[in-house]
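Visitor: could you look at this predicted model? Sequence included:
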Amino acid sequence: QLPAAVRLRLLPLLSAHRLPPPRSTASLRPLSSSHKRTAAPPPPDVSRVRNVGIFAHVDAGKTTLTERLLELSGAIAHAGSVDSGNTVTDHLPAERERGITIQSACAALRWRGAEVRLIDTPGHVDFGVEVSRCAAALDGAVLVLCGVSGVQAQTEAVWSEIAGRLPAACVVNKMDRAGA
């Protein structure tokens, strides 16, 4: 269970927010060339496009969550694995070798008539500038907390980047593991 101080900080995340109008997406990278879609979707209505960043400390499960959301929405047939090095958003050789996200990457999915662009951000402190750079182009955020390791220093640093600036939701990951 999270300490009371942390629960109080996360409480505003749980309240319902209306998404603000979409921001410019000019700085987002396209999907990896290895990502194959079965059919080209029609161009999105920009009023129905939302850019959502996925934030957390290193090894909290951001990329795994991104893969699973893409799979559940039908954007990909099977979720890749960070350990296997076959995820949609970790496309740099160093990312695949080390099993961490180094550069933010975008992956799009369609959900209930809207296009959601998931931005998988790095969690390692050495790549924190990527988090700051992405925050300016986002309409919302998902903060991923690891149920085993809990809130860490980088979790708080990431939270300070998005708190009060973006509507946010919190996901506690790895709750099936021992020690959660």
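Guide: Good, I have the coordinates.

Visitor: okay, now the closest residue to residue 77 other than its chain neighbours: neighbour count?
Guide: Distances taken as CB to CB, 6 or more residues apart in numbering place residue 71 nearest to residue 77, at 7.5 Å, with adjacent residues excluded. (Each C-beta comes from the backbone N, C-alpha and C, glycine too.) By the criterion of other CB atoms under 10 Å, residue 71 has 16 neighbours.

Visitor: tell me the contacts of residue 71?
Guide: 77-79 (CB atoms under 8 Å, 6 or more residues apart in numbering).

Visitor: what's the closest of those residues to residue 121?
Guide: residue 79 (18.5 Å; CB to CB).

Visitor: ok, of the contacts of residue 71, which come out buried?
Guide: Neighbour-count burial (16 or more other CB atoms under 10 Å) applied to the contacts of residue 71 gives residue 79.

Visitor: could you dump the contacts of residue 71 to CSV with distance to residue 45, pLDDT and secondary structure?
Guide: Converted to CSV, those look like this (distance: CB to CB, whole Å; pLDDT from 0 to 100; DSSP: H, G, I helix; E, B strand; the rest coil):
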residue, distance to residue 45, pLDDT, secondary structure
77, 26, 87, coil
78, 29, 86, coil
79, 28, 88, coil
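
Visitor: reformat the contacts of residue 71 as CSV; add distance to residue 64.
Guide: Shown next, in CSV, are the contacts of residue 71 (distance: CB to CB, whole Å):
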residue, distance to residue 64
77, 17
78, 13
79, 8
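
Visitor: quick one: residue 109 is in a strand?
Guide: Yes - under DSSP: H, G, I helix; E, B strand; the rest coil, residue 109 falls within a strand.
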